[in-house]
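Trainee: got a predicted structure plus its sequence, pasted below:
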Amino acid sequence: MSLSIVEILEKKGPMTDIDLLKDLRSNFGEVSFRELNRELMKLELAGILRVSRLTKGKRQVELTGKKSIID
């Protein structure tokens, strides 16, 4: 799923976590918000993307521009 997140962000650019979840659900079926958060945390710790808070309950997800091998 990590690779799909990066591919979606490369294609569409920065987006909210809610929109990202909708795109992932169209590709993978039922994906929980908890699963998305786990993958976002892995990618953020690897320095591949950045998650920032927009408003209460809404976050922006964007690539950092660094390329790395994803597990």
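Mentor: It's in.

Trainee: give me phi/psi at the residue located most distally from the centre of the chain?
Mentor: Centroid-distance maximum for the chain: K56 at 17.8 Å, with CA atoms, centre = their mean. The phi/psi pair for K56 (degrees, to the nearest 10) reads phi -60, psi 120.

Trainee: next one: L21
Mentor: Torsion angles, degrees, to the nearest 10, at L21: phi -60, psi -40.

Trainee: isn't it right up against N37?
Mentor: No: look at L21 against N37 with CB atoms under 8 Å: they stay out of range, at 9.7 Å. In short, each C-beta sits where N, CA and C put it, glycine included.

Trainee: who's more crowded, these two?
Mentor: L21 (18 against 14; other CB atoms under 10 Å).

Trainee: ok, that one to G65 distance?
Mentor: For L21, the distance to G65 equals 23 Å [CB to CB, to the nearest Å].

Trainee: which residue comes closest to E44 once chain neighbours are left out?
Mentor: V51 (5.6 Å; CB to CB, 6 or more residues apart in numbering).
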